[in-house]
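Chemist: need coordinates for the following:
(2 chains)
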Amino acid sequence: DAMVIQNPRYQVTQFGKPVTLSCSQTLNHNVMYWYQQKSSQAPKLLFHYYDKDFNNEADTPDNFQSRRPNTSFCFLDIRSPGLGDAAMYLCATSIGGNEQFFGPGTRLTVL
Amino acid sequence: DQQVKQNSPSLSVQEGRISILNCDYTNSMFDYFLWYKKYPAEGPTFLISISSIKDKNEDGRFTVFLNKSAKHLSLHIVPSQPGDSAVYFCAVRYNFNKFYFGSGTKLNVKP
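Modeler: Numbering: from 1, shown residues only, chains lettered A, B, ... in the order given. Presented below is the predicted three-dimensional model:
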């Protein structure tokens, strides 16, 4: 089945230790998104790739970076995680600006 | 500032009755509106959408209503079923392929 896969599902890191979350898709969608969702809050868009073009949200901290080496894969790098970065990170894909297909998310814990 | 608000964190409905989930937004420039459904341990799944040029869209038991003058979006589920129990997010599109989400409403359909 075509899908969006996120690995790992649970990630534990230490304060200040770089961490990378990964997302892959078999849908061949041209747009890939990263969202941060904290408990009982709305998913918040961090950035997205439209094809190879990177689009950062104005309020996304510099601590968050992303890479998209090819159509299928997209990575979220957190350079120096703080306690406030503990959250669920959701990856999504879409064709253009249409409805999004989400992965199951990666829950990040920062110790 | 929240661009999209779902003011009811939870809603409980009897099986067979109507469920009405509400969403308010701030900006009249949003052009596409969506509802997603989320089960525990899964990512959000697209449910139904509506363009800003319409005021109603129906898909089986699900109907979305858009009131542009009030900047209000609602989702009606008729009849409600226990399998509809989930968290429902509304989302709005801006700048062609970016999205704001609400914080979600947890629907419980009682048998």
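Chemist: so who does residue 28 touch?
Modeler: No chain specified, so I'll use chain A. A:71-72 (Cβ atoms under 8 Å, 6 or more residues apart in numbering or on different chains). C-beta: built from backbone N, CA, C; applies to glycine.
Chemist: meant chain B actually
Modeler: B:68, B:71.
Chemist: then the one 4 residues further on?
Modeler: Residues in contact with residue B:32, defined by Cβ under 8 Å, 6+ apart, are A:97, B:49-52, B:92-93.
Chemist: swap in residue A:6?
Modeler: If a contact means Cβ under 8 Å, 6+ apart, then residue A:6 has A:21-23, A:89-91, A:103-106 as its contacts.
Chemist: go back to the residues you listed and keep what's next to chain B.
Modeler: Of the residues in these, proximity to chain B by Cβ under 8 Å from any Cβ of the partner chain holds for A:90, A:103-105.
Chemist: same list (these) but as CSV, adding secondary structure, pLDDT and neighbour count.
Modeler: CSV is the format used below for the ones next to chain B among the contacts of residue A:6 (DSSP: H, G, I helix; E, B strand; the rest coil; pLDDT from 0 to 100; neighbours: other Cβ atoms under 10 Å in any protein chain shown):
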residue, secondary structure, pLDDT, neighbour count
A:90, strand, 98, 27
A:103, coil, 97, 23
A:104, coil, 96, 17
A:105, coil, 97, 24
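Chemist: how about these, which pair is most distant?
Modeler: Pairwise distances among the ones next to chain B among the contacts of residue A:6 were taken by Cβ to Cβ; the largest, 8.5 Å, belongs to A:90 and A:104.
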